[in-house]
Each structure stands twice: as C-alpha cells, then as structure tokens.
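[1] everything below, folded, please.
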Amino acid sequence: MCSFPIRWKLKSCEPARREGPKWDPARLTESTTFVLGSRANKALGMGGTRGRLYIKHPHLFKYAADPQDKHWLAEQQHMRATGGKMAYLLIEEDIQDLAASDDYRGSLDLKLEELKPFIPPAWMTEKMQKYMETLRHEGDSQPPEGTHET
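    Coordinates of the predicted model:
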C-alpha cells in the first residue's frame, strides 16, 4: 500500500486525438471566443480541482498563454496581473459542447455564467493557430505502427 499521494501524468501511451474539424487552425478566426481554463473548470463544476478538466478531456485544444498574452489578459481584466503561473485559454464553443453533453447536461454544479468569454486580439489568435497546427502534426514524424526495429 502506498503512503504517498499518487500524481497523474498528462502524458500517456495513447496521445490525445488532434485531428478533425475541432483541430483545424482555420476554425480560429478573429471572432472566435475563448475562456480561461480556470473559469471553464468552475463552469463545469470542477472548481477546486485545478487541472481536472485537462485530465478528464485531453482532446480539448488548450493554449498556454505566454507573458505577452498574460499582459493583455490582465490589461483587459480577464485575469489578475499577479495570477498563477499558468493561464490556459480554451475555445468557448468546446466548453459549451461539453456542458451540453450527457456528462454535464443535468449537473447541478454547472455554472456557465462563470465562463466570461472574450475575443483575443488578432496577433494572439494567430499564435494559437500556429500552435494548433504544430500540435496537429506533432505525431506525423513517428514511424507507422509495426515498422520500428526490435
């Protein structure tokens, strides 16, 4: 029996699927609305469990804001200037889709008013498109199944 807490790792043998229309960078336009991951966590009823949303739904596109992004988010009062180390941005539509799914639809913990969606500036959306494109093709350099040497 373990006497120390078990830590879950985000990386697993089976990578999250990063294909299909939800992973098309063209989906991110200058009118796409985003939400902070911390707010999405609260909205879906996972308030106090940081990171739970990302573990439970690894297929979601999430973008880690860099210092320039965080500065803009703080200026626009989407987050405190002294906010935590990480600030993830998620596509509002993805969170709304989750909220409407069987997993969350009837939940009394659902608080969609917590989302507070916003539209980032074009330069930030462009960074997110490039990041999405990189993630989509991350696994392309891997050899096909069964062709590796033993």
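[2] quick check on the closest residue in space to Met124 that isn't next to it in sequence: phi, psi?
    Leaving aside its sequence neighbours, Met124 sits nearest to Asp69 (Cβ to Cβ, 6 or more residues apart in numbering; 5.6 Å). Heads up, the C-betas are built off the backbone N, CA and C, glycines and all. Dihedral pair for Asp69: phi -60, psi -40, per degrees, to the nearest 10.
[3] contacting residues for Asp69?
    Going by Cβ atoms under 8 Å, 6 or more residues apart in numbering, Asp69 touches 87, 89, 120, 124, 127.
[4] and it, what pLDDT?
    On pLDDT, Asp69 comes in at 95.
[5] got it, and the one 10 residues further on?
    pLDDT, the model's per-residue confidence, is 89 for Met79.
[6] against Pro117, how distant is Ser38?
    14 Å (Cβ to Cβ, to the nearest Å).
[7] report the buried residues of the single longest helix found in the chain.
    Ordering each helix of the chain by length in residues (DSSP state H) puts helix 122-136 first. By neighbour count on 16 or more other Cβ atoms under 10 Å, the buried set for helix 122-136 is 124-125, 127-129, 131-132, 135-136.
[8] could these go into a markdown table alongside pLDDT?
    Compiled in a markdown table, those are given as follows (pLDDT from 0 to 100):
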| residue | pLDDT |
| --- | --- |
| Met124 | 97 |
| Thr125 | 97 |
| Lys127 | 97 |
| Met128 | 96 |
| Gln129 | 96 |
| Tyr131 | 95 |
| Met132 | 94 |
| Leu135 | 89 |
| Arg136 | 85 |
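[9] related to what we said a few turns ago, packing partners for the longest helix of the chain?
    Applying 3 or more Cβ pairs under 8 Å, 6 or more residues apart in numbering; DSSP states H and E, we find helix 122-136 packed against strand 62-64, helix 67-75.
[10] mind running it again at 10 Å?
    In terms of contacts (3 or more Cβ pairs under 10 Å, 6 or more residues apart in numbering; DSSP states H and E), helix 122-136 is packed against strand 34-36, strand 62-64, helix 67-75, strand 88-91.
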